[in-house]
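Build me a model from this:
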Amino acid sequence: MASGRKKAFNESQALEAAMHVFWSKGYVGASLSALTDSMGINKPSMYSTFGNKEALFIKSTSHYVESQMKPHLQHLYQANVPLLTRIKNYMLSIVSMQFNEESPKGCYLVLCQSELAGGEVPEAASELLQELDDLPKVVIADLLNSDSEAKQLGLDTRSNEIALTLYTVLKGSASMARSGIAQEQMLPVVDNVIAGLATRH
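Predicted coordinates for the structure are as follows:
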């Protein structure tokens, strides 16, 4: 019996390419032609494999979170490393990604979340972006509320405030990366944030 016809493209590579288009242009700015050209497929293949633009965006966003964002979390939980060093390493890891010359500058999520106010992002995609906007703050606050060193420093008493501060700085660094400044200019910013955590307790 003859086997089914094989796809003429690599699905994971096509999804990676779509992720880079959304990362560069945002949801609204990413046209179907730009997506399919980058993915190396035609529109019928895109629809049959990934669904419509919104469905492709949701898959692409999930891929971004897994491949680009979750790896940074390892720095927060490194054994035998002081808490403030872990937080600094986490922030520097994200900044390094935002300025990576091999990827679109900035942050995929920050760029697409900035489009929500315009009302052109469809409902399911909008809900996902809003959910992901809360996630980093929750992760950092949970760490500060549970980490023994954080409790010794009194950081658990203002965990939500600190989480929002760190997230705000990282969102700002994403915008700065897209504006073209040098990565080295962001390093003192991170140092100042960490110094502030060390002195305010």
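
buried stuff in stretch 177-185?
For stretch 177-185, a neighbour-count test (16 or more other C-beta atoms under 10 Å) marks Ala177, Arg178, Gln183 as buried. All C-beta atoms are positioned from the backbone trio N, CA, C, and that covers glycine.

end to end, how far does that stretch reach?
Chord length of stretch 177-185, first to last residue, is 10 Å (C-alpha to C-alpha, to the nearest Å).

so how far is it off the chain centroid?
Relative to the mean C-alpha coordinate of its chain, stretch 177-185 is positioned 17 Å out (C-alpha atoms, centre = their mean, to the nearest Å).

what mean pLDDT would you report for that stretch?
For stretch 177-185, mean pLDDT rounds to 96.

Other residues contacting it?
Val95, Ser96, Gln98, Phe99, Lys105, Gly106, Cys107, Leu111, Met176, Met186 (C-beta atoms under 8 Å, 6 or more residues apart in numbering).

try stretch 54-67
The contact list for stretch 54-67 (C-beta under 8 Å, 6+ apart) reads 15-16, 18-19, 22-23, 27, 30, 35, 46, 50-51, 108-109, 112, 122, 124-125, 128-129, 132.

Can you point out the buried residues in it?
Going by neighbour count (16+ other C-beta under 10 Å), the buried part of stretch 54-67 is Glu54, Ala55, Leu56, Phe57, Ile58, Lys59, Ser60, Thr61, His63, Tyr64.

Same question for stretch 97-111.
Buried positions in stretch 97-111, judged by neighbour count with 16+ other C-beta under 10 Å: Met97, Gln98, Phe99, Pro104, Lys105, Gly106, Cys107, Tyr108, Leu109, Val110, Leu111.

Any of the contacts of stretch 54-67 buried? List them.
15-16, 18-19, 22-23, 27, 30, 35, 46, 50, 108-109, 112, 125, 128-129, 132.

For Cys107, list the residues it contacts.
Ile94, Met97, Gln98, Leu170, Lys171, Ala174, Ala177.

quick one on the thing from earlier: just the ones of the buried residues of stretch 54-67 in helices?
Using DSSP state H, Glu54, Ala55, Leu56, Phe57, Ile58, Lys59, Ser60, Thr61, His63, Tyr64 are the members of those that sit in helices.

Longest helix in the chain, please.
helix 123-146.

packing partners for the helix or strand just after it?
Sequence-wise, the next helix or strand downstream of helix 123-146 (DSSP states H and E) is helix 148-153. If you count contacts as 3 or more C-beta pairs under 8 Å, 6 or more residues apart in numbering; DSSP states H and E, helix 148-153 packs onto helix 83-98.

The helix or strand following the helix it packs on - contacts with which helices or strands?
Moving toward the C-terminus from helix 83-98, the next helix or strand (DSSP H and E) is helix 108-113. Using 3+ C-beta pairs under 8 Å, 6+ apart, the elements in contact with helix 108-113 are helix 11-29, helix 53-64, helix 123-146, helix 159-179.

Distance from the chain centre to the second one, please.
Spelled out, that is helix 53-64. On the basis of C-alpha atoms, centre = their mean, helix 53-64 sits 13 Å off its chain's mean C-alpha point.
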